[in-house]
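Asks: sharing a model that was predicted from the sequence below.
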Amino acid sequence: MNIRSIVRSRSGRLVTAFTLVVVVAAPVVATSASAATTLTVAQALAAQDGRAATVTGYVIGQPTASSTVLTSGFTADTALAIADSATETSTGRMLYVQVTAAYRSQFGLLTNPGLRGRAVTTTGALTAYFSHGGLKNPTAMSLGGATTPPPTSSPTPTPGPTGTPVPGGDYDSTYYAAAIGKTGAALRGSLHTIIKAHTRLSYDQAWEALKDTDQDPANPNNVVLLYTGRSQSKSSNGGGANDWNREHVWAKSHGDFGTATGPGTDVHHLRPTDVSVNSTRGNKDFDLGGSPIAEAPGNYTDADSFEPRDAVKGDVARMLMYMTIRYEGNDGWPNLELNNSVNNGTAPYHGKMSVLLQWHRADPPDSFEQRRNQRIFERWQGNRNPFVDHPEWAASIWG
């Protein structure tokens with residue numbers, strides 16, 4: 001018999017009123033206790049490992065597929081999509097929350113369409129829902145929370161322990177806690193464990209991500225193209241002459257991973273590039289020398305290698321280092337490795353390692369690269385490129 005029927009049959013007894021107060025009070029205490037460890041949606045998306053957690057976010061709509069969220073005309077009370085901003089439009093930055101029968105009368109959007117835009121806090125298991133980052137089997141749901149929408153511009157850089165500005169602050173005591181103090185193989189293993197937890201984007205979502213991550217600091221309507229350095233309208237993406245498209249810095253044929261979700265859609269190595277320059281680069285390894293590329297001054301190419309302009313040589317090196325650490329062959333994707341060769345073809349290798357290490361040292365991370373790393377972390381994938389935050393770790397791993 002439920003509480004409501006007890007109250008109805010014994011409404012005049014004081015002991016029943018007392019019992020009702022105790023039952024209602026218990027969830028309030030539990031919610032208060034969990035508030036101290038409440039995660040943002042971005043943090044929840046980066047921790048899809050089945051752990052129990054409390055998450056606060058703004059209700060965006062009703063998810064119906066991995067990349068589809070209804071914002072009106074709701075059809076069921078079974079799911080919510082929440083985000084760190086009430087105006088979020090990218091499903092890649094939304095957490096899909098299962099609404100089980102116990103909570104549908106209060107939190108189902110078909111019954112409660114006015115929930116859209118309101119903050120909710122829910123506790124459950126961080127695991128995929130609709131094949132998308134999610135929270136399932138909730139044990140608590142309530143209105144309100146302390147989530148703050150992410151800033152519209154990058155935070156003021158704070159010097160890290162090595163003197164490198166780290167946008168958003170020092171992550172050594174939080175994100176990199178398990179890696180600090182380690183070297184060599186132990187450092188590599190820790191970094192892999194840290195950065196492998198991230199939101200997987202679709203290849204279509206990568207278009208939108210690049211418009212954010214590679215935005216021109218001087219013109220928010222444009223992106224900066226990797227090899228040419230040209231500032232170009234965000235809307236001019238496509239396959240036509242002088243359009244920009246998505247360059248896989250780790251050539252997708254080096255491991256044959258294509259554009260499927262995983263390394264083929266990892267924004268840490270995808271960059272906007274001029275269509276024809278991207279074609280010229282093809283799947284070549286990186287090395288010094290070759291003939292100048294007329295459309296991209298400062299870049300050179302020959303039959304088996306490509307040399308980018310000086311301003312992004314280090315960027316290229318660090319993107320390849322990230323890919324090597326992230327994809328170790330233990331999650332269904334190839335084991336990507338740097339080597340000291342060119343002409344790697346379809347093997348899951350990329351070179352030329354000795355040259356890449358030189359570029360990494362000669363061209364340290366700049367503010368554009370640091371902002372890009374932060375944007376990917378806070379808005380898209382929830383993970384970081386450790387060699388942007390800690391350039392010295394490259395020498396510790398590769399010498």
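Replies: Arrived safely, thanks for sending.

Asks: pull the contacting residues for Thr228.
Replies: Taking Cβ atoms under 8 Å, 6 or more residues apart in numbering as the criterion, Thr228 is in contact with Thr273, Asp274, Val277, Glu295, Ala296, Asn299. Using the backbone N, CA and C atoms, a C-beta is placed for each residue, glycine as well.

Asks: for the helix or strand containing Pro63, enumerate the helices and strands it packs against.
Replies: For Pro63, the host element (DSSP states H and E) is strand 52-65. Using 3 or more Cβ pairs under 8 Å, 6 or more residues apart in numbering; DSSP states H and E, the elements in contact with strand 52-65 are helix 41-45, strand 68-70, strand 79-83, strand 94-98, strand 119-126, strand 134-143.

Asks: look at Arg118 and report its pLDDT.
Replies: Reading off the confidence values, Arg118 has pLDDT 87.

Asks: test my guess that it contacts Thr56.
Replies: No - at 11.1 Å, Arg118 and Thr56 do not qualify as touching, with contact defined as Cβ atoms under 8 Å.

Asks: of the two, who's got more company?
Replies: Neighbours per residue, other Cβ atoms under 10 Å: of Arg118 and Thr56, the larger number sits with Thr56, 22 against 14.

Asks: against Ala197, how distant is that one?
Replies: Spatial separation of Thr56 from Ala197 under the definition Cβ to Cβ, to the nearest Å is 20 Å.

Asks: check Lys313 too.
Replies: Taking Cβ to Cβ as the measure, Lys313 and Ala197 are separated by 29 Å.

Asks: neighbour-wise, which of the two wins?
Replies: Per other Cβ under 10 Å, whichever of Lys313 and Ala197 has more neighbours is Lys313, with 22 against 14.

Asks: and for the more buried one, nearest residue in space, chain neighbours not counted?
Replies: Distance criterion Cβ to Cβ, 6 or more residues apart in numbering; nearest residue to Lys313, sequence neighbours excluded, is Trp359 at 3.7 Å.

Asks: can you tell me the element that neighbour falls in?
Replies: Short version: Trp359 belongs to helix 353-362, going by DSSP H and E.

Asks: quick one: neighbours of Glu208, just the number.
Replies: Counted by other Cβ under 10 Å, the residues lying close to Glu208 total 19.

Asks: coming back round to it: for Asp214, which of the helices and strands packed on strand 52-65 is the nearest?
Replies: helix 41-45 (19.3 Å; Cβ to Cβ).

Asks: what is the closest one packed up against?
Replies: Here helix 41-45 is seen to pack against strand 52-65, strand 94-98 when contacts are counted using 3+ Cβ pairs under 8 Å, 6+ apart.

Asks: I'd like to know which elements the shortest one is packed against.
Replies: Spelled out, it's strand 94-98. Under the contact definition 3+ Cβ pairs under 8 Å, 6+ apart, strand 94-98 sits against helix 41-45, strand 52-65, strand 79-83, strand 119-126, strand 134-143.
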